[in-house]
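Enquirer: Build the 3D model from these lines:
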Amino acid sequence: MAREGDVLLVYYQDKPSVYARIELIEPDIKKDWYQLTLLILTIPARTVTWILREEYINGAPFTMGGTPMRLEEVKKLPMEREREKEGEKMVPGKPATVIPFKKT
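Expert: Below is the predicted model:
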């Protein structure tokens, strides 16, 4: 099951719509249902609480008011892979390279 702190991609009507971070997962009063509190990563950020079954939290499609929805976990990429793509290997204890922002 997804955990607090995980980032999800929310699909609305079968299209990727918005990213959200799981803030809290608590059991609901109904057996096998959970209250899932999400921080919707928009401007401004919003917090919502949805009541879902575990399989819906893990990616099974569901509907809200007749609208198809789905949650998909965003996989984390280790920093080493990103550095290797750029041709630079991370070395423990070596500070990261800072790239200054220059206005043009």
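Enquirer: Just to check, Trp37 is in contact with Val48?
Expert: One thing to correct before we go on: residue 37 is Thr, not Trp. Yes: taking contacts as CB atoms under 8 Å, Thr37 lies within contact range of Val48: 7.3 Å. Quick note: C-beta positions are derived from backbone N, CA and C, even for glycine.
Enquirer: So the two - more neighbours on which side?
Expert: Thr37 (17 against 12; other CB atoms under 10 Å).
Enquirer: quick one: contacts for the more buried one?
Expert: By CB atoms under 8 Å, 6 or more residues apart in numbering, the residues touching Thr37 are Ile22, Glu23, Leu24, Ile25, Glu26, Thr47, Val48, Thr49.
Enquirer: what helix or strand is it on?
Expert: Per DSSP states H and E: Thr37 is located in strand 33-40.
Enquirer: Name every strand pairing with that strand and say which way it goes.
Expert: Under the criterion DSSP bridges, strand 33-40 sits next to strand 15-27 (antiparallel), strand 46-53 (antiparallel) in its sheet.
Enquirer: Ok, which of these comes nearest Ala2?
Expert: strand 15-27 (5.9 Å; CB to CB).
Enquirer: Now tell me what touches that closest one from outside.
Expert: 1-12, 33-42, 47, 57, 74.
Enquirer: Please consider this matter closed, and thank you.
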